[in-house]
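[1] coordinates only, sequence not included:
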């Protein structure tokens, strides 16, 4: 499949009437009172929202707290992309059972979103299949369909003509031809989302049976036509939504709410754009250093880089251009030698503590060459990656110096650092420090209470974005 020019694609569709879109939205959205629960398979799902809660466990009491919050939407960080299939299945069953129980208890209807990677990696279709089966068993009702909407403008992920693209400079590359599709655990071949569904479900849901919401329908504001398509979805049928702008998602969401009001029930597998729209979260300016660091400390900041995608390595190399930082390579390959690995963890932590205490911001990065055990060893590699992640998070958890700020690069890395390193139970999303790069304000229970924690996805940003974020936090 050929790459496409971004401007060429954007100019090939009629422009959207933003005023009319907002007018339609304002007529429909205020009456939508469902509690919105977002299950985040890594912490980057809050890339588009602010002033919402993120919980790091899914105990019954925790889910009830989320239901009782004044805000309509809350996130549960499952970090399931770091789980085995068996662990993922159990977690999603537990969450679905508890959510249905609390919904009945409080008399509050809910909508559940499985927030996945905008480059299509993750435990799909397992997660949404488990949610569907459990919800139907517990409620006695049906789930009519599943909405697939991986559009995420800030990360350059656009869906056009039912095909998902990843923007690289001025070109749009079909997702199935990117490095993300070659993921050893969650790889795939198809870029056309109907074909992707067929591939991932092993033919259970063929592409011909998928409902496609076209950009033509969206741009012509055909709310009634889109609603009719949704009303025709049954038996957990798949719905693929095309989108290149946030307004496209708002048009779809308007029709969706109308279909829900007529009794249709859906589960959602989406990227971060949909959560912002359906949650009716306003846009806000990027965060400044003054908003994040309220008291000056003599200590330096701490940056943890774990992701191995090419974009992260390129961003790390650009970060090294900042001469004021200290860099430490963590040899993660020593995980195969337990004694040597323990010594390496201690070496890295001690060196970093000394530098941060001396006012020098420090970057700890894992060895750039990924540990490869060979064909058929994916599960073993996943287990080793968990050990490596545990080691990295232990450095943060046992850190004896409070950093001025903390940045974690990579989805799984940032999740583990947040939950197991910073020991966060509940955080508030402050906003974004750069497009698609969220910041948590940690809770009082955290290892470092109320520290700005920057969650930097592995696959987001330009080559200079990591350097720019650090520069923002370093500027006095």
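    On my side now, so go ahead. The model shown is predicted, which means the values in this text are computed figures rather than measured ones. Residues are numbered from 1 along each chain as shown.
[2] now residue 187, what's its secondary structure?
    coil (DSSP: H, G, I helix; E, B strand; the rest coil).
[3] Quick check: the gap between the spatially closest residue to it that is not a sequence neighbour and residue 189.
    Take residue 187 and drop its neighbours on the chain: the residue closest to it by C-beta to C-beta, 6 or more residues apart in numbering is residue 181, 5.9 Å away. C-beta: built from backbone N, CA, C; applies to glycine. Distance, residue 181 to residue 189, using C-beta to C-beta, to the nearest Å: 7 Å.
[4] Looking at those two, which one has more neighbours?
    residue 181 (21 against 11; other C-beta atoms under 10 Å).
[5] Next up, the contacts around that one.
    Residues counted as contacts of residue 181 (C-beta atoms under 8 Å, 6 or more residues apart in numbering) are 119, 120, 175, 187, 188, 189.
[6] Could I have the buried ones of the residues you listed as ChimeraX selection syntax?
    Of those, the buried ones can be selected in ChimeraX as follows, counting by 16 or more other C-beta atoms under 10 Å:
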select :119,120,175,188
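[7] Make JSON lines from the contacts of residue 181 and add pLDDT and distance to residue 131 to it.
    Below are those laid out as JSON lines (pLDDT from 0 to 100; distance: C-beta to C-beta, whole Å):
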{"residue": "119", "pLDDT": "94", "distance to residue 131": "21"}
{"residue": "120", "pLDDT": "96", "distance to residue 131": "18"}
{"residue": "175", "pLDDT": "97", "distance to residue 131": "23"}
{"residue": "187", "pLDDT": "95", "distance to residue 131": "23"}
{"residue": "188", "pLDDT": "98", "distance to residue 131": "21"}
{"residue": "189", "pLDDT": "97", "distance to residue 131": "25"}
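[8] Tell me, how many residues neighbour the residue lying closest to residue 435 once chain neighbours are set aside?
    Among residues not flanking residue 435 along the chain, residue 154 sits closest, at 4.1 Å (C-beta to C-beta, 6+ apart). Neighbourhood size, residue 154 [other C-beta under 10 Å]: 20.
[9] The one 4 residues further on too?
    As a burial measure, residue 158 scores 26 neighbours (other C-beta under 10 Å).
[10] for the stretch 151-300 of the chain, which spans come out with low pLDDT?
    By pLDDT under 70, the weakly predicted segments of the stretch 151-300 of the chain are 295-296.
[11] One more pass at 80, please.
    Scanning the stretch 151-300 of the chain for pLDDT under 80 picks out 294-297.
[12] start to end distance for stretch 250-269?
    16 Å (C-alpha to C-alpha, to the nearest Å).
[13] Over to stretch 58-78?
    8 Å.
[14] List the buried residues for it?
    Result for stretch 58-78 [16+ other C-beta under 10 Å]: buried residues 58, 62-64, 66-67, 72-78.
[15] farthest-separated two in those?
    Using C-beta to C-beta, the two most remote members of the buried residues of stretch 58-78 are 72 and 78, lying 20.2 Å apart.
[16] check contacts around the residue nearest to residue 435.
    47, 48, 272, 435, 436, 460.
[17] Now do the SS call for it.
    Under three-state DSSP, residue 154 comes out as helix.
[18] Can you lay out the buried residues of stretch 58-78 as CSV showing pLDDT and distance to residue 15?
    As requested, the buried residues of stretch 58-78 are arranged in CSV below (pLDDT from 0 to 100; distance: C-beta to C-beta, whole Å):
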residue, pLDDT, distance to residue 15
58, 97, 42
62, 97, 44
63, 98, 42
64, 98, 45
66, 97, 38
67, 98, 40
72, 97, 30
73, 98, 30
74, 98, 35
75, 97, 33
76, 97, 37
77, 94, 37
78, 93, 38
